[in-house]
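*Asks:* 3D model of this:
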Amino acid sequence: KYWELHKSDLKATSAVADLNAQGQRNSTLPWFWSLDVQGDLVSNDWMNEFYRVHWLRTKALQDRWAEELLLVGHEMRWTINFLVHKAQTWLDQTNQNGEPGQDGLSCYAIRQAQMYRLLAEDA
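*Replies:* Model prediction:
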């Protein structure tokens, strides 16, 4: 039921007193604030406000992480699409360089296309 107290658990929070204080965006409550103390919320309006503020902050933090997870998924798809596009662009260069004496340029373009294709497969 009880965990070991650490020095970081003992710092005071000013979230209720100063709602716009900097540096509290990712702060969470120590474990002992979640203990069920008899009559804690019923008789004390300050504690009720304290728990409400920290619940809202935790909810906002969870919402930010859910949004970040969604964005990372989209960014990975965009990255793969970009890499596939670059591979196709380099392959198109080989078709445009069909003149004699352009073997070096075609080899370089094929090598670049292969590199981008492998990056897209690994992403």
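*Asks:* report the next helix or strand after the lengthiest helix in the chain in sequence order.
*Replies:* Assignment by DSSP state H gives helix 45-96 as the longest helix of the chain. Next helix or strand after helix 45-96 toward the C-terminus (DSSP states H and E): helix 103-122.
*Asks:* buried ones in that following helix, by neighbour count?
*Replies:* For helix 103-122, the neighbour count (16 or more other CB atoms under 10 Å) marks 106, 109, 112-113, 116-117, 119-120 as buried. The way it works is simple: take the backbone N, C-alpha and C, and place the C-beta from them, glycine included.
*Asks:* where does pLDDT dip in this protein?
*Replies:* 1, 9-43, 96-101 (pLDDT under 70).
*Asks:* now with 80?
*Replies:* Applying pLDDT under 80 to the chain picks out residues 1-51, 95-102.
*Asks:* gap between W3 and R57?
*Replies:* 22 Å (CB to CB, to the nearest Å).
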